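Asks: could you look at this predicted model? Sequence included:
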Amino acid sequence: MLFPSTIAGSLPKPEWLAEPNTLWAPWKCQGAELARAKRDATLLSLKLQEDCGIDIVTEGEQARQHFVHGFLEKIEGIDFAHKVEMGIRNDRYKAMVPQVVAPLKLRGRVHADEARIARTHTARKVKFTLPGPMTIIDTIADKYYGDRVRMAFAFAELLNEEAKALQADGVDVIQFDEPAFNVYMDQVRDWGIRALERAAEGLFCTTAVHICYGYGIKANTDWKQTLGGEWRQYEETFPSIDKSSIQQVAIECRNSRVPLELLGLLPNKVVQAGVVDVASDEVETAEDVVRVIENVAKFVPKANIVATTNCGMAPMRREIAEAKLMALGAGAKLARQKLA
Ligand code: ZN
């Protein structure tokens, strides 16, 4: 099937689960009640994606407070009680982050609950997202390793452990989120891709890397204003990513200033093309979605195109996110009819 649709990963959480329209939103309940609320929200997000015609669904990241810290919370060696302020993505914004204080070790499974709920309750393909090693070390303070690369590889090993377990749970696609790949392009080539490959080592399910320009929050939209008329960050990293073992690359195309001819630098990859903008509340039409797919198809063989959202929808208003999901599902379907 041409142009299967998927989402970057996250959806907004219901207001009974967490504070809406907020990143790092505090939970609304605790203990067993929180665990039940997370499960209910996960089910809802699966149903919503199915109803919108999304072909490769996610658990909507309903059980994690943040796409990076959701993973970190189950790791030994991290001090969450004493957070420190840190500049993130080359000081684009400040955040209070936990600190690595001892050797890192998984305390057990991280996402078993959500993965098993997803696998049990949908017959569609399931995609699961994990933060990439470079993005993790850019979102946590180091009081132990004293070396960014060593710490990244320590996280890559833990990611690999969880990724293999997710695969055993029946997940079809594992996607590593690496927004940091658009910030530290020289490091991507030096060690970032190697760390990512370590995280994906031994997987036989589909593997993907999501490299975006971030959520639609103010710090990111302001940053985009400084990037000039053409965003060419991908140009520096795509040639080495194309040589890597990661099979799919998810990037943002809708309302972005990325020159789409850069996609020609990924001849060996499936491209998850962002056809829905998450930084604007203006809802796309199915025709808008078709137009982006058509433009992407000038540089990527049709059989290698997956239609997705530019980034996660976690901080968006629910009704807007839902309308955008509808447009995504309908647009991918229309593209199949028009461009087949
Ligand atoms: Zn993203």
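Replies: Nice, I can see it. Numbers count the residues shown, from 1 in each chain.

Asks: stretch 272-285 and the ion in contact?
Replies: No: figure legend: stretch 272-285 not in contact with the ion (CB under 5 Å from the ion); closest approach 8.0 Å. Every C-beta, even on glycine, is put in place using the N, C-alpha and C of the backbone.

Asks: start to end distance for that stretch?
Replies: 19 Å (CA to CA, to the nearest Å).

Asks: buried stuff in that stretch?
Replies: Gln272, Ala273, Gly274, Val275, Val276, Asp277, Val278, Ala279, Ser280, Val283, Glu284 (16 or more other CB atoms under 10 Å).

Asks: centre of the chain to it, how far?
Replies: Mean-position distance between stretch 272-285 and its chain equals 15 Å (CA atoms, centre = their mean, to the nearest Å).

Asks: list the contacts for the residue of the stretch 51-200 of the chain found nearest the ion?
Replies: Nearest residue of the stretch 51-200 of the chain to the ion (CB to the ion) works out as Pro179 at 5.3 Å. Going by CB atoms under 8 Å, 6 or more residues apart in numbering, Pro179 touches Arg89, Thr135, His210, Ile211, Cys212, Tyr213, Gly214, Cys311.

Asks: of all those, which two lie farthest apart?
Replies: Within the contacts of Pro179, Arg89 and His210 form the most distant pair, 14.8 Å apart (CB to CB).

Asks: mind checking if stretch 19-27 is in reach of the ion?
Replies: No: Stretch 19-27 lies out of reach of the ion by CB under 5 Å from the ion, never closer than 12.0 Å.

Asks: worst-scoring helix or strand of this protein, pLDDT-wise?
Replies: helix 218-225 (a mean of 82; mean pLDDT, DSSP states H and E).

Asks: so how far is that one from its chain's centroid?
Replies: Remark: helix 218-225 is offset 18 Å from the chain centroid, using CA atoms, centre = their mean.

Asks: likewise stretch 145-156?
Replies: With CA atoms, centre = their mean, you get 21 Å for stretch 145-156.

Asks: buried residues in it?
Replies: For stretch 145-156, by 16+ other CB under 10 Å, it's Tyr145, Val149, Met151, Ala152, Phe153, Ala154, Phe155, Ala156.

Asks: what mean pLDDT does the helix or strand containing Glu287 get?
Replies: Element membership for Glu287, per DSSP states H and E: helix 286-296. Average pLDDT, helix 286-296: 98.

Asks: just stretch 50-64 next, same as before
Replies: Taken as a whole, stretch 50-64 has an average pLDDT of 97.

Asks: buried ones in it, by neighbour count?
Replies: For stretch 50-64, by 16+ other CB under 10 Å, it's 50, 52, 54-64.

Asks: which strands and helices sit next to the helix or strand hosting Asp40?
Replies: Using DSSP H and E, the element containing Asp40 is helix 31-51. On a contact count with 3 or more CB pairs under 8 Å, 6 or more residues apart in numbering; DSSP states H and E, helix 31-51 meets strand 56-57, helix 112-121, helix 318-339.
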